[in-house]
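Colleague: Got a sequence here, can you model it:
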Amino acid sequence: MSEARVFIEEIDDPELASKLKVQDERFSQNLAVFQKHSRELFAQHRGKVIMVAGRELRVFDTADTAWSWARKVHPDDDGALIHRTPREKGWRVYADRR
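Modeller: Residues are numbered from 1 along each chain as shown. Got it, this is the predicted structure:
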């Protein structure tokens, strides 16, 4: 297993910082839509891919079709959110393997 690498970079370009702030706001808006509907989505769409772009939520069978839809319908939304729901209901345990 390869090690994960984290890079922290200071952004001192005001134009880039402004662009990234707008992107983050788009993501936050899409996340709010996802969170508003997440309970019903997880109950009704197990094993499916959920995509939110342009504050519009859609359910797909594959990530490729989800991204294709997002790029076609909302090409300017660089804050899109994608999530695959687990197939089975159950506990998820995430642990560090070091």
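
Colleague: Quick check: pLDDT value at the residue most central in space within the chain.
Modeller: Centroid-nearest residue in the chain, with CA atoms, centre = their mean: residue 81, separated by 2.5 Å. pLDDT for residue 81: 95.

Colleague: Could you double-check that it lies in contact with residue 51?
Modeller: Yes. With contacts counted by CB atoms under 8 Å, residue 81 reaches residue 51, the gap being 7.2 Å. (Each C-beta comes from the backbone N, C-alpha and C, glycine too.)

Colleague: quick one: low-confidence parts of this protein?
Modeller: Within the chain, the segments meeting pLDDT under 70 span 1, 92, 94, 97-98.

Colleague: Tell me which other helices or strands the longest helix along it touches.
Modeller: Ordering each helix of the chain by length in residues (DSSP state H) puts helix 14-44 first. When contacts are defined as 3 or more CB pairs under 8 Å, 6 or more residues apart in numbering; DSSP states H and E, helix 14-44 sits against strand 49-53, strand 56-60, strand 81-84.

Colleague: Next, the angle from it to strand 49-53.
Modeller: 140 degrees (axes from the mean of the first three to the mean of the last three CA atoms, to 10 degrees).

Colleague: which of the residues in helix 14-44 are buried?
Modeller: 26-27, 30, 33-34, 41 (16 or more other CB atoms under 10 Å).

Colleague: how far does that helix sit from the chain's center?
Modeller: 8 Å (CA atoms, centre = their mean, to the nearest Å).
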